[in-house]
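Trainee: coords below, sequence missing:
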């Protein structure tokens, strides 16, 4: 049988039984749409979480801190030692001291962190408002960045964060005494700093300034943390293993991303299972429709066999019909699922805009996933049609002609 004839015969059902055909496609679409919506929800949740993690250099860096064992300390010499490793491109330190921050007569406890711009890139520190320190700002002695939790000390709400950019605050450092006692020396910084940015670090009371500026007021003999920038992804686990063997505590953002992706893959699998139940019900309905079609067309099959159609021609005819129905059902399910997801996204963004929240995409539909659903729906159509097709191809032509 020619492909052209097969295409005409396999789509003849839209003329002979249009209502039943479209209802079957719609039923298949509902099951497919359930899968699209639920898995799209999983993709959306994954994207929302992973968008909070900065990609790029941060995925090729290691956060190194001292465990206190073996007398290990993070000193300027340690930074030089790390940079001598051939697989390490750079090492950026962070120094931290407790401090008091004052704004319009209100004072609160924070930690002042002295960093250099590369540290911010390697650690993935971003700004929810204002600007992040760049390489051109390495000598900035008048600006700081503060965390959202620090704003809470001054009664600044989330919707007022943008308005805090450009405000002036003053700092007093609290440095341990050199005599070995528990006394603390208070170092007053006799100037005000301009807030240039609000970090995305939630739940921490931090104020970030450039490391050279912090050195102007306090001697830094030991660092709190060092971000080690590795040259390639292949060398990342090797450098990590070396640092751990030396006794350092090492954290890698890449592992966090990997673990998060694995968790969401499990969530997507669970959601797909629930959607698959609806798809199975739709497939059973489609199988029933194809079986009924076989009974209705038994006499027609006998005539086709009598005039020269082979058993394979009959089988191909039924299989092609079921594949067409399954594929169209998949396309309708994709259309329904994507429409529902996009509608919910738009509604949530409108609500978030009215209440001063951040716009999010709760549902996400990657093109490769939608393409897979379309192909998978055609395969489901094939599986539901193969049994009726085999039965049709094995019918005795004479018995089929006499069938009433």
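Mentor: Now that the structure is in, tell me what you want to look at. Since this is a predicted model, take the numbers as computed values, not measurements.
Trainee: what about the strands in this structure?
Mentor: 61-66, 88-103, 106-115, 127-130, 143-146, 168-176, 184-199, 206-210, 225-230, 248-252 (DSSP state E).
Trainee: got a markdown table for those, with mean neighbour count too?
Mentor: Just so you know, the C-beta spots here come from the backbone N, C-alpha and C atoms, and that holds for glycine as well. Shown next, in a markdown table, are those (neighbours: other Cβ atoms under 10 Å):
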| stretch | mean neighbour count |
| --- | --- |
| strand 61-66 | 23 |
| strand 88-103 | 20 |
| strand 106-115 | 19 |
| strand 127-130 | 17 |
| strand 143-146 | 24 |
| strand 168-176 | 16 |
| strand 184-199 | 16 |
| strand 206-210 | 22 |
| strand 225-230 | 24 |
| strand 248-252 | 18 |
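Trainee: weakest of those strands in terms of mean pLDDT?
Mentor: Among those, strand 248-252 carries the lowest mean pLDDT, a mean of 86.
Trainee: between that one and strand 61-66, what angle do the directions make?
Mentor: 150 degrees (axes from the mean of the first three to the mean of the last three Cα atoms, to 10 degrees).
Trainee: partner strands of strand 248-252, parallel or antiparallel?
Mentor: Strand pairing for strand 248-252, using DSSP bridges, gives strand 61-66 (antiparallel).
Trainee: next, count neighbours for the closest residue in space to residue 363 that isn't next to it in sequence.
Mentor: Among residues not flanking residue 363 along the chain, residue 341 sits closest, at 3.1 Å (Cβ to Cβ, 6 or more residues apart in numbering). Other residues lying near residue 341 total 22 when counted by other Cβ atoms under 10 Å.
Trainee: show me what contacts residue 341?
Mentor: 36, 37, 40, 41, 44, 362, 363, 364, 365 (Cβ atoms under 8 Å, 6 or more residues apart in numbering).
Trainee: surely the first one and residue 373 touch.
Mentor: It refers to residue 36. Yes: if you go by Cβ atoms under 8 Å, residue 36 and residue 373 touch, sitting 6.0 Å apart.
Trainee: tell me which of the two has more neighbours.
Mentor: Taking neighbours as other Cβ under 10 Å, residue 36 and residue 373 compare with residue 36 leading, 28 against 22.
Trainee: low pLDDT regions in the stretch 301-404 of the chain?
Mentor: 301, 305, 308-309, 355-359, 396-404 (pLDDT under 70).
Trainee: ok, now with 50
Mentor: Regions of the stretch 301-404 of the chain meeting the criterion pLDDT under 50 are absent.
Trainee: swap in the stretch 1-150 of the chain?
Mentor: Short version for the stretch 1-150 of the chain, where the test is pLDDT under 50: none.
Trainee: mind running it again at 70?
Mentor: Applying pLDDT under 70 to the stretch 1-150 of the chain flags the ranges 1-14, 50-56, 68-71.
Trainee: the helices in it, which residues?
Mentor: 3-10, 13-16, 18-50, 76-83, 117-123, 148-153 (DSSP state H, counting those that start in this stretch).
Trainee: helices and strands around the third one, which ones?
Mentor: Applying 3 or more Cβ pairs under 8 Å, 6 or more residues apart in numbering; DSSP states H and E, one finds that helix 18-50 contacts helix 13-16, helix 253-296, helix 311-354, helix 367-393.
Trainee: let's go with 6 Å and repeat that
Mentor: Applying 3 or more Cβ pairs under 6 Å, 6 or more residues apart in numbering; DSSP states H and E, one finds that helix 18-50 contacts helix 253-296, helix 311-354.
Trainee: now the fourth one
Mentor: In this structure, helix 76-83 packs against strand 88-103, with contacts taken as 3+ Cβ pairs under 6 Å, 6+ apart.
Trainee: give me the contacts around the strand it packs on.
Mentor: Under the contact criterion Cβ atoms under 6 Å, 6 or more residues apart in numbering, strand 88-103 has outside partners 79, 82-83, 107-108, 110-116, 118-119, 122, 154, 169-174, 207, 220, 223-229, 231.
Trainee: excluding its backbone neighbours, what's nearest residue 211?
Mentor: residue 114 (4.0 Å).
Trainee: show the contacting residues for the one you found.
Mentor: 95, 209, 211, 214.
Trainee: next one: residue 148
Mentor: Here residue 148 is in contact with residue 202 (criterion: Cβ under 6 Å, 6+ apart).
Trainee: try it again with 7 Å
Mentor: 161, 198, 202 (Cβ atoms under 7 Å, 6 or more residues apart in numbering).
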